[in-house]
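Visitor: Sequence isn't available, so here's the structure alone:
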């Protein structure tokens, strides 16, 4: 097995002396778009120079812009968590965080959250309760009520706009069909269901008329929630407005799907019931299965993208392929429900 290839600056940031503060037990976590370094009481997130079409971090200027966007947008739900945009500068024959030399990268500095309170970890230990779900809803209902939802944003709720995102997923995963993670039959069943649902333009228009298309979070699942008091819902979509300007139903469907994925169907149902009761959005139910199917397919796609990254080690690659398989199975379940 070949060793994972890490950029020079990431190797630099894996050393304790690279930080202006105590940084014991530095841990590197990778996604398909980010290098995340846990260093002492801080977290540093750096964008990979990738261009997936729907996301473009290919230039330093773009990475700077999206770091600034990430800071601003995430402070809506986590005002104290996101600290600042940082620079990595050239210093002699090495690098320096927030130095004075040429800027070679931009990143985000965040406060480190207690790992034992991360929702994914709590869920694995069977410790997520209805009280935790209630706390999440307390954050979300006022967030959606105050989120922007002007005419330009509402257009993203049209069936033809939603179709752009849904059909793009099928185009971007076509090459993976029959390669081990998704079968031809699964692909056909999921895409046929999604296209049929999208043909009912009146359903989408009704959501627009009800004012339910907002500047949402866009990536709301358990890996982006810390069950502190108050709850921290972080890492929203900053890189593409069409993934964030969406139906509130699509946003909450992400977390409901994630609970289903982790075998917490009872909590998933409770989350939706209580959200509908607290928000008064009873029409959300008619969109839920469609958006759950969309969301789990997105997670499968991202897992495949991560597995295909040459910087990812063999163990991570294998785990991502297994995760993709499970998400495709869940998407098929929603599609054939």
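Guide: Thanks, I have the structure now. Just so it is clear, the model here is predicted, and its values are computed rather than measured. Numbers count the residues shown, from 1 in each chain.

Visitor: could you pull out the helices for the stretch 1-150 of the chain?
Guide: In the stretch 1-150 of the chain, the segments counted as helices under DSSP state H, counting those that start in this stretch are 8-13, 60-74, 119-124, 130-146.

Visitor: mean confidence for the second one?
Guide: To tie it back to what came earlier, the one meant is helix 60-74. What helix 60-74 shows for mean pLDDT is 98.

Visitor: Go ahead and flag the most central residue of the chain.
Guide: Centroid-nearest residue in the chain, with Cα atoms, centre = their mean: residue 219, separated by 3.4 Å.

Visitor: Would you quantify the distance from it to residue 238?
Guide: As for residue 219, its distance to residue 238 is 9 Å (criterion: Cβ to Cβ, to the nearest Å). C-beta coordinates here come from the backbone N, C-alpha and C atoms, glycine included.

Visitor: and what of residue 169?
Guide: The value you get for residue 169 to residue 238, if Cβ to Cβ is used, is 20 Å.

Visitor: So which of those two has more stuff around it?
Guide: Using other Cβ atoms under 10 Å as the criterion, residue 169 and residue 238 rank with residue 238 on top: 23 against 19.

Visitor: Tell me where the model's unsure across the chain.
Guide: Per-residue confidence of the chain (counting by pLDDT under 70) places the weak regions at 1-4.

Visitor: now the strands: where do they sit in it?
Guide: Secondary structure of the chain (DSSP state E): strands located at 27-30, 34-39, 42-47, 82-91, 94-97, 103-111, 213-215, 225-226, 232-233, 245-247.

Visitor: got the buried residues for the first one?
Guide: Yep, that's strand 27-30 we're talking about. Along strand 27-30, these residues count as buried under the neighbour rule (16 or more other Cβ atoms under 10 Å): residue 30.

Visitor: just the fourth one next, same as before
Guide: By neighbour count on 16+ other Cβ under 10 Å, the buried set for strand 82-91 is 82, 85, 86, 87, 88, 89.

Visitor: The protein - how does it break down into domains?
Guide: Using automatic domain parsing, the domain parsing of the chain gives 8-112, 117-335.

Visitor: Which one, of the strands of the chain, ends up nearest to residue 320?
Guide: Closest to residue 320 of the strands of the chain, according to Cβ to Cβ: strand 27-30, at 10.3 Å.

Visitor: how near is the closest residue to residue 58 other than its chain neighbours to residue 6?
Guide: Take residue 58 and drop its neighbours on the chain: the residue closest to it by Cβ to Cβ, 6 or more residues apart in numbering is residue 51, 4.4 Å away. Distance, residue 51 to residue 6, using Cβ to Cβ: 20 Å.

Visitor: quick one, which of those two is more surrounded?
Guide: Taking other Cβ under 10 Å, residue 51 and residue 6 do not tie; residue 6 has more neighbours (15 against 11).

Visitor: could you list every residue that touches the closest residue in space to the more buried one that isn't next to it in sequence?
Guide: Counting by Cβ to Cβ, 6+ apart, residue 311 is the residue found nearest to residue 6 once chain neighbours are left out, at 6.2 Å. Applying Cβ atoms under 8 Å, 6 or more residues apart in numbering to residue 311 gives the contacts 4, 5, 6, 7, 30, 48.
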